[in-house]
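> here's a sequence, model it:
(one chain, ligands or ions: 2)
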Amino acid sequence: MPEIFKQNEIDVDHLALPSNFEVASIIYQQHSSALLQFQNGVHVQSSCIMCEEMSCLVSNQNEGVLEELTLSQYNKLCPTEAIEIDETGLVQIDKQDCVGCGLCIAACPLGAIYLDENKLAVIEHDNHIFEKSENAQSLGCIGSDVYANPVIDENSELIESIIERIKLRGDNKLSLNRMVQNLLANVGVTCQLTRQGDVNLRMDGLGLIEEKTIVIEIELDTNLDAPRDILDDIAVYCSRYNESLDNVEGLIVSSHLPNKRTEYWELFSDIRNVLGLSIMNVTIAVLLMLVWNRRPINLGDCFLDRDNMSLREYTARALGREVGIATPDSLIEAAK
Ligand code: SF4
Ligand code: SF4
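Ligands and ions are numbered 1, 2, ... in the order given. All right, here's what the predicted structure looks like:
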């Protein structure tokens, strides 16, 4: 189905869609907005049109896991609240707050946002990409098959810089959790964050895949206690909500995977053998790469343990190509 979006009425001259608006492909570029290729062969560099949906601002896919969490949900797309509408009505990004995660770049249907040479997001406003029109409410259509390449090409340096920028923030745990929530939503896993300090729901978040609830722990650094913490979380969840263990799974989302020789990997095998419970591991790097390539996640392929400590093969399969991260790298595999 084509995505239909509508322009907001705003008092800026060049923002109007012509009636014959038809994009054949959108080609993402380094350090500038995407190239729009029209059916008639014309190429132009993209620019923000202040579309009505404003998918760069809002994330509305984070409901439906647990009713009591819905009211307190974070429904902005940007994990650090760097995107706002300014006094003139234009969407702007505050570079002081941007961590360069690319969620907004993937969300903008027109490719009007990009990462600059400092790995920070910029919205292109200055290209007059559409003719002036009397009809500021005209509709445009973009099919999901027009996106020609990844919105961002991955490399270790870029991903480490995103993690580092999150780490340096005063509200790093909150920003991290919000980023993971919206990355998961973007790859097809509904996720709701729990309230920090909630003594009953101590996990960082709850998700849904098919009929199963996923208990989620989110870690900025390698936390060797994460497997034990998630067992606690699952026990508390099952007991408080009278849920059978068969309907619950655990997911650890972390910035890096622990080294091969740590006890971490043994624990997953032990937990599965003794309790019949499989815990999934995903890294922030994997989530970012899936979002940048517009791919869904298959969490069923993310069960790691002492026999499989790497997400490289899975990620390559999901992307349909080799991963652009040198081997070995704790961003996607146990490194030493
Ligand atoms: S940046 Fe993109 S998504 Fe945001 S308002 Fe502009 S065109 Fe719409
Ligand atoms: S790149 Fe990420 S942090 Fe920066 S403005 Fe976009 S969503 Fe916010």
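> okay, helices next: where are they in the stretch 1-150 of the chain?
Ranges of helices in the stretch 1-150 of the chain, per DSSP state H, counting those that start in this stretch, are 67-70, 103-107.
> mean pLDDT lowest for which of those helices?
Least confident of the helices of the stretch 1-150 of the chain, judged by mean pLDDT, is helix 67-70 with a mean of 73.
> what does that one rub up against?
Outside helix 67-70, the residues that touch it by C-beta atoms under 8 Å, 6 or more residues apart in numbering are Glu63, Gly64, Gln192, Leu193, Thr194, Arg195, Leu201, Leu206. In this view, the C-beta of every residue, glycine as well, is placed from N, C-alpha and C.
> about what we covered before: Throw the helices of the stretch 1-150 of the chain into JSON lines and include distance to Gln37 and mean neighbour count, thanks.
Output for the helices of the stretch 1-150 of the chain, formatted as JSON lines (distance: least, C-beta to C-beta, whole Å; neighbours: other C-beta atoms under 10 Å):
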{"stretch": "helix 67-70", "distance to Gln37": "41", "mean neighbour count": "14"}
{"stretch": "helix 103-107", "distance to Gln37": "18", "mean neighbour count": "24"}
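> need the residues of the stretch 201-336 of the chain near ligand 1, please.
Among all residues of the stretch 201-336 of the chain, none is adjacent to ligand 1 (criterion: C-beta under 6 Å from any ligand atom).
> ok so, going back, to ligand 1, which of the helices of the stretch 1-150 of the chain lies closest?
helix 103-107 (6.2 Å; C-beta to the nearest ligand atom).
> now what about the closest one, what contacts it?
Contacts with helix 103-107, where a contact means C-beta under 8 Å, 6+ apart, come from 28, 55-56, 77-79, 83, 93, 111, 113-115, 121, 151-152, 179, 182-183, 186, 291-292, 294.
> which of those fall in strands?
Among the contacts of helix 103-107, the members falling in strands (DSSP state E) are Tyr28, Ile83, Ile93, Ile113, Tyr114, Leu115, Ala121.
> tell me who's in contact with the last one.
Spelled out, it's Ala121. Ala82, Ile93, Lys95, Cys98, Gly100, Gly102, Cys104, Ile105, Ile113, Tyr114, Leu115.
> how much space between it and Ala235?
40 Å (C-beta to C-beta, to the nearest Å).
> mind checking the SS state of Ala318?
helix (DSSP: H, G, I helix; E, B strand; the rest coil).
> I figured Arg169 hits Pro79, correct?
No: using C-beta atoms under 8 Å as the test, Arg169 is too far from Pro79 to be in contact (9.7 Å).
> okay, and the common contacts of these two?
In contact with both Arg169 and Pro79: Val99, Ser175, using C-beta under 8 Å, 6+ apart.
> those two - which one has more neighbours?
Under the criterion of other C-beta atoms under 10 Å, the comparison of Arg169 against Pro79 puts Pro79 first, with 26 against 15.
> who's in contact with Ile252?
Applying C-beta under 8 Å, 6+ apart, the residues near Ile252 are Ile216, Glu217, Glu219, Ala226, Pro227, Ile230, Ile279, Met280, Asn281, Val282.
> follow-up on the earlier one: and the contacts of Ala121, which of them are buried?
Buried members of the contacts of Ala121, scored by 16 or more other C-beta atoms under 10 Å, are Ala82, Ile93, Cys98, Gly100, Gly102, Cys104, Ile105, Ile113, Tyr114, Leu115.
> quick one: residues contacting the fourth one.
To tie it back to what came earlier, the one meant is Gly100. Taking C-beta under 8 Å, 6+ apart as the criterion, Gly100 is in contact with Leu115, Lys119, Leu120, Ala121, Leu158, Ser161, Ile162, Arg165.
> at 6 Å instead, please
Contacts for Gly100 (C-beta atoms under 6 Å, 6 or more residues apart in numbering) come out as Leu115, Lys119, Leu120, Ile162.
> out of the residues you listed, who's nearest ligand 1?
Among these, and counting by C-beta to the nearest ligand atom, the member closest to ligand 1 is Leu115, at 13.8 Å.
> quick check: pLDDT value at the closest one.
Taking Leu115 on its own, its pLDDT is 98.
> do you know how far it is from ligand 2?
7 Å (C-beta to the nearest ligand atom, to the nearest Å).
> what of Lys336?
Lys336 is 31 Å from ligand 2, by C-beta to the nearest ligand atom.
> which SSE is the nearest residue to that residue once chain neighbours are set aside in?
Distance criterion C-beta to C-beta, 6 or more residues apart in numbering; nearest residue to Lys336, sequence neighbours excluded, is Asn259 at 4.5 Å. Using DSSP states H and E, Asn259 maps to neither a helix nor a strand.
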